[in-house]
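Asks: Have a look at this prediction, sequence included:
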Amino acid sequence: MSHRLQVLIPEALERRIRKAAQRRRQSTGAWVRDALERALDDHRTADPLDRLSALGAPTGDIDQMLAEIEAGRG
């Protein structure tokens with residue numbers, strides 16, 4: 001199911017979007033949808049916790065790690 005989203009933008013931005021859509025031979029709507037998807041993907045991967053978990057690095061037991069941190073403070 002599709003939903004309509006109306007956003008007011010300045011004329012200069014509308015011209016840039018229209019030209020970008022023409023370069024990709026897309027409708028303006030398709031270009032905007034693609035741009036929103038890319039922006040959301042970029043935002044998700046910019047989250048430090050997401051980036052850290054994507055590394056697949058080994059982790060330790062949380063209780064052991066906390067105990068080692070506390071021991072190092074003494």
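Replies: Happy to help now that I have it.

Asks: and the lengthiest helix in the chain, how far from the chain's centre?
Replies: The helix that spans the most residues within the chain, counting by DSSP state H, is helix 28-46. Centre-to-centre, helix 28-46 and its host chain are 8 Å apart (CA atoms, centre = their mean, to the nearest Å).

Asks: Repeat that for stretch 10-26.
Replies: Per CA atoms, centre = their mean, the centroid offset for stretch 10-26 relative to its chain is 22 Å.

Asks: Kindly report the same for stretch 18-31.
Replies: With CA atoms, centre = their mean, you get 21 Å for stretch 18-31.

Asks: That stretch: end-to-end distance?
Replies: 9 Å (CA to CA, to the nearest Å).

Asks: State the distance from the nearest residue to I9 once chain neighbours are set aside to G60.
Replies: Take I9 and drop its neighbours on the chain: the residue closest to it by CB to CB, 6 or more residues apart in numbering is I17, 7.6 Å away. In short, each C-beta sits where N, CA and C put it, glycine included. Distance, I17 to G60, using CB to CB, to the nearest Å: 48 Å.
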